[in-house]
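Participant: Using only what follows, build the 3D model:
(2 chains)
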Amino acid sequence: MESFQPAEQLSDIDRLRSETVRESVRGRPWALPLLAVVGVIFLSAYALDWAWIPVIAPLAWLAFVVLWVRWLRAPNRARPGRQRAVRDWRREVPVWLGLFVTANLIAVLGATVSWLLAGALMATFGAVAGLALPRLARR
Amino acid sequence: MTLAGLDAVLTAPKRLGIMAMLDVAKWVEFSFLRDQLDVSDSDLSKQMATLCETGYARARKNGHGRGSTTWFAITPAGKRAFDSHVEALMNLIDEPPAASRRGR
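Facilitator: All right, here's what the predicted structure looks like:
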């Protein structure tokens, strides 16, 4: 941005604003495959005949989710400018409830039928939800 | 042509570009500003120092040493100055050139 011409300056302003907004909402291309792989590992771990799995697996999953979310947010070199309003949170409540119920149903299915199947279902569910949620957040 | 509304600090194209980016984000990292404006570290530091001294931007440093990052945000005063500067630029474009006005 070097020009002193008003028209060129305004055009540069538009370009820089677009680039900044794009950077602030940019996602990680490997985020969903990573979530899917770790989800399968997490649920498959329950198939192991080891007494400590029910203790260690949830803690490991929690640690992974915290790191994963930090990784999703941290590398963006611009943070979104729009403040979240109460209505944004309210709009997301049914979505989070739906995610919670579906994830627990899959876990129940895993406990009764097959943990491997539950892992595959959870990975698919994570991928679909992961694709849908950012679109919902941008609306 | 009128210069009313133009801000002396923002007449520098680089500073105007910085403010344009800060205006749409909550915080923007130093390296992003540098890459987008294609300027050197020292040049950007100088421009940011001017904007911070004027009260148009504020800085926040995360971490220490080599891994540290510096983030910048626009202040309310900076937002007002930027908005009125952009409006003045738009008015300059809307106004007919002085030569054509004389010819009427």
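
Participant: when you scan the strand or helix carrying B:I18, is anything in it near chain A?
Facilitator: With elements delineated by DSSP states H and E, B:I18 resides in helix B:13-23, which encompasses its position. Yes: for helix B:13-23 and chain A, the contact criterion (Cβ under 8 Å from any Cβ of the partner chain) is met by B:13-14, B:16-17, B:20-21, B:23. All C-beta spots, glycine's among them, are computed from the backbone N, C-alpha and C.

Participant: got it, and stretch B:76-94?
Facilitator: Yes: contact of stretch B:76-94 with chain A is found when judged by Cβ under 8 Å from any Cβ, involving B:86, B:89-90, B:92-93.

Participant: just stretch B:39-47 next, same as before
Facilitator: No: Stretch B:39-47 is not in contact with chain A by Cβ under 8 Å from any Cβ; minimum separation 9.2 Å.

Participant: Any chance you could list what contacts the helix holding B:I18?
Facilitator: Around helix B:13-23, the neighbours that count as contacts under Cβ atoms under 8 Å, 6 or more residues apart in numbering or on different chains are A:1-4, A:9, A:12-13, A:16-17, A:19-20, A:78, A:81, B:9-10, B:28, B:32-33, B:36-37, B:39, B:43-44, B:47-48, B:50-51, B:56-57, B:72-74, B:78-79, B:81-82, B:85.

Participant: can you count the residues close to A:F42?
Facilitator: Residues lying near A:F42 (other Cβ atoms under 10 Å in any protein chain shown) number 20.

Participant: List the residues that contact it.
Facilitator: A:F42 neighbours (Cβ under 8 Å, 6+ apart): A:57, A:60-61, A:64, A:119, A:122.
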